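Asker: what would the 3D arrangement of this be:
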Amino acid sequence: MTLPSSAPGSFLPTSRKEMQALGWPRADVVLFTGDAYVDHPSFGAAVIARVLEREGLRVAVVPQPNWRDDLRDFTKLGVPRLFFAVTSGNMDSMVNHYTANKRLRSNDAYTPEGRAGFRPDRALTVYTKILRRLYPETPVVIGGIEASLRRLAHYDFWEDRVRPGILVDTGAHLLVYGMGERPVVEIAARLNRGDPVETLTDIPQTAFIAPDPKAFLSRPGVIRLPGFEECVRSPKRFGEHFAAVEEESNRLEARPLVEDAGRGLVVVNPPYPPPSQEEMDGWWDLPFQRAPHPRYKGKRIPAWDMIKHSVTIHRGCFGGCSFCSISAHQGRFISCRSVASILREVDRIARMPDFKGNLTDLGGPSANMYAMGGRKRSMCGACRRPSCIHPSICRNLDTSHGPLLELYRRVRSMPEVKRVFIGSGIRYDLFDRPVDGPTGKYLEEVMRHHVSGRLKVAPEHSEPEILTQMRKPSFALFERFKAEFDRINREHSLRLQLTPYLMSSHPGCTDAHMARLMARLHDLNLRPEQVQDFTPTPMTLSSVIFHTGIDPTTGKTVHVARATESKIQQKAFFFSKATRHKK
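Answerer: Numbering: from 1, shown residues only. Below you'll find the predicted structure:
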């Protein structure tokens, strides 16, 4: 008799008692996550668990296991029939734990009551090593943002050194990078039919340590990267390593990558093509309970509170900002849900007991990239640019906001919806083209119907050389955008405010640049509120420059504020009245 994967309308089990209630002698997959278990499509662990469940598998979840006691959380559900799946959660655990100045944070939004200390540093490595020690014969598959951005040699800001790919540290059998729905299903199918985990070397969007290095080096079209030891010794070779990885990550049809990691040859298979709209709809239509597991009854999970009345409409980003890892994880090409799928989710939100009629966001990595992409796919396939909009908008890119405006109107017309707010940041550089029709009307419609009081945009800086380093548009474009913002405010008697996101200490930035930034903000009557100090995160151009002091795309030396005191001093410009009038 085939047992149901879980009871209809229920959460996936998190304890032996819950498994027994379902009649399970064991789970097929046990998934460990550094986050609390929130069964919602914005939480990666929940998505992977539900996708596997749809394949008829029994999936159990172990949220935030205790790694400091007798390890009972790692043994309580027993050995899965197929594999352990492990993720550190929705955030890299080091970014989650530490500020840009390496100070320990006092809270964790993905933990009940926002309490810190419920996951270790380098959670993925800690969890996986424990499982490999306890269950050496059981396959372990790692994924999520921490695995994805550390799949190859990378600069680690917190240790200030180049570290090997995370497969070397963890000992995991397979790594899934990017958005992992399709590779994890294929892994499960192959293991389910009896294939040894060591033979799963051809699955797209996975990485592994090669059992036979010579065979993989001879693969057709393979890109051999500078080895880990070379990256440690030579800043130039590390820059070349990054440049090759970034180019392949941004290609529509990528090639395999291989890297000598010192303790084996890491192989990274090319990714799957961008998912279709039908696939996207299918994932969001899975039977999520859209709530935290009952084990957290009476406890608040801040990350859940932030997104429970919001809707993700697309994934991916073609902005290519130097400091951002979204495209390295989600991909450069935009994948969208259908309007029908989005309306179904809004209807589900409207039935939530605490919904008062206000959607807090209708967006994605960027608010206004929905339904955008290359007009000719063949041109995208031949393209090597890291950004579709920097230094200028690609002529092949369709930047029409028409489909997005139609979506906004459809959602606004739903009787149970009072207001639809756009909480995601808007890319104003997508307006930098003389287009009549919907694109020209986008800002006005957003301001009139979708802003609660403040509109978020991210100029990041004002100075040309810093913006070029960031792959961001000129500040003159922001000034034109603000002028249009002010005009719409006046004409429609609105009292909306503009909230610019700004950054200090990015590679290339000096105290003089910060002083000029503050002066220009003062001239525009803007006060910095949403500010951050640059944090080097793995697999970004900016982190490579931070570490090496060299821009690998130009070979030029770049000033870097590396000392903690320098970083603190630059950020202090945001809060110093004395600098606002300096030019």
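Asker: and Lys571, what helix or strand is that in?
Answerer: helix 564-572 (DSSP states H and E).
Asker: now swap in Pro183 and tell me
Answerer: In the assignment (DSSP H and E), Pro183 maps to helix 181-192.
Asker: got the contact list for that helix?
Answerer: With contact meaning CB atoms under 8 Å, 6 or more residues apart in numbering, helix 181-192 is reached by 28-29, 47-48, 51-52, 55, 57, 82-83, 85, 139, 141, 143, 174, 176, 197, 199-200, 203-206, 272, 275, 279, 283. Placement of C-beta: from N, CA and C, glycine included.
Asker: do stretch 468-483 as well
Answerer: Contacts for stretch 468-483 (CB under 8 Å, 6+ apart): 319-323, 386-387, 389-391, 428-429, 431-432, 443, 457-464, 467, 498, 500, 503, 506-508, 520, 524, 526, 541-542, 545, 551, 558.
Asker: of the contacts of helix 181-192, keep whichever come out buried.
Answerer: By neighbour count, with 16 or more other CB atoms under 10 Å, the contacts of helix 181-192 hold 28-29, 47-48, 51-52, 57, 82-83, 85, 139, 141, 143, 174, 176, 197, 200, 203, 205-206, 272, 275, 283 as buried.
Asker: strands of the stretch 351-500 of the chain, residue ranges please.
Answerer: Ranges of strands in the stretch 351-500 of the chain, per DSSP state E, counting those that start in this stretch, are 358-359, 361-363, 373-374, 397-398, 419-420, 454-460, 497-504.
Asker: distance between the first one and the chain's centre?
Answerer: In this case it means strand 358-359. Its chain's average C-alpha position is 24 Å from that of strand 358-359, according to CA atoms, centre = their mean, to the nearest Å.
Asker: list the contacts of Tyr110.
Answerer: By CB under 8 Å, 6+ apart, Tyr110 lies in contact with 34-36, 89-91, 96, 301-303.
Asker: repeat the analysis, applying 7 Å as the threshold.
Answerer: Residues in contact with Tyr110 (CB atoms under 7 Å, 6 or more residues apart in numbering) are 35-36, 89-91, 303.
Asker: so which of the contacts of helix 181-192 belong to helices?
Answerer: Residues of the contacts of helix 181-192 located in helices (DSSP state H): 47-48, 51-52, 279, 283.
Asker: so which of those comes closest to Lys308?
Answerer: Nearest to Lys308, judged by CB to CB, of these is Val47 at 15.7 Å.
Asker: measure the spatially most central residue of the chain to Trp158 for me?
Answerer: With distances taken as CA atoms, centre = their mean, the chain has Ile326 as the residue nearest its mean C-alpha position (4.8 Å). Separation of Ile326 from Trp158 (CB to CB, to the nearest Å): 21 Å.
Asker: for Phe333, which non-adjacent residue is closest in space?
Answerer: Distances taken as CB to CB, 6 or more residues apart in numbering place Pro274 nearest to Phe333, at 4.3 Å, with adjacent residues excluded.
Asker: the one you found is in contact with Cys336, isn't it?
Answerer: No: contact criterion CB atoms under 7 Å: Pro274 and Cys336 do not qualify, at 9.9 Å.
Asker: can you give me how far the helix holding Pro183 is from the chain middle?
Answerer: 22 Å.
Asker: export only the CA atoms of it, formatted as CSV.
Answerer: Extracted in CSV, the C-alpha atoms of helix 181-192 (Å, rounded to 0.1, in the frame of the first residue of the first chain):
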residue,chain,number,x,y,z
GLU,A,181,13.1,22.9,-7.5
ARG,A,182,14.0,21.0,-10.7
PRO,A,183,17.4,19.6,-9.7
VAL,A,184,16.2,18.3,-6.4
VAL,A,185,13.3,16.5,-8.1
GLU,A,186,15.7,14.9,-10.5
ILE,A,187,18.1,13.9,-7.7
ALA,A,188,15.2,12.3,-5.8
ALA,A,189,14.0,10.4,-8.9
ARG,A,190,17.4,9.0,-9.6
LEU,A,191,18.0,7.9,-6.1
ASN,A,192,14.5,6.5,-5.9
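Asker: list the buried residues in it.
Answerer: For helix 181-192, the buried set under the neighbour-count rule, 16+ other CB under 10 Å, comprises 181-188, 190-191.
Asker: repeat that for stretch 315-334.
Answerer: 315-334.
Asker: and this structure, what are its domains?
Answerer: 16-203, 453-583 (automatic domain parsing).
Asker: start and end of the longest one, how far apart?
Answerer: Across its full length, domain 16-203 reaches 32 Å end to end, with CA to CA, to the nearest Å as the criterion.
Asker: chain center to it: distance?
Answerer: Distance, stretch centre to chain centre, for domain 16-203: 16 Å (CA atoms, centre = their mean).
Asker: could you pull out the helices in the stretch 401-550 of the chain for me?
Answerer: 402-412, 438-449, 464-470, 475-491, 511-523, 541-548 (DSSP state H, counting those that start in this stretch).
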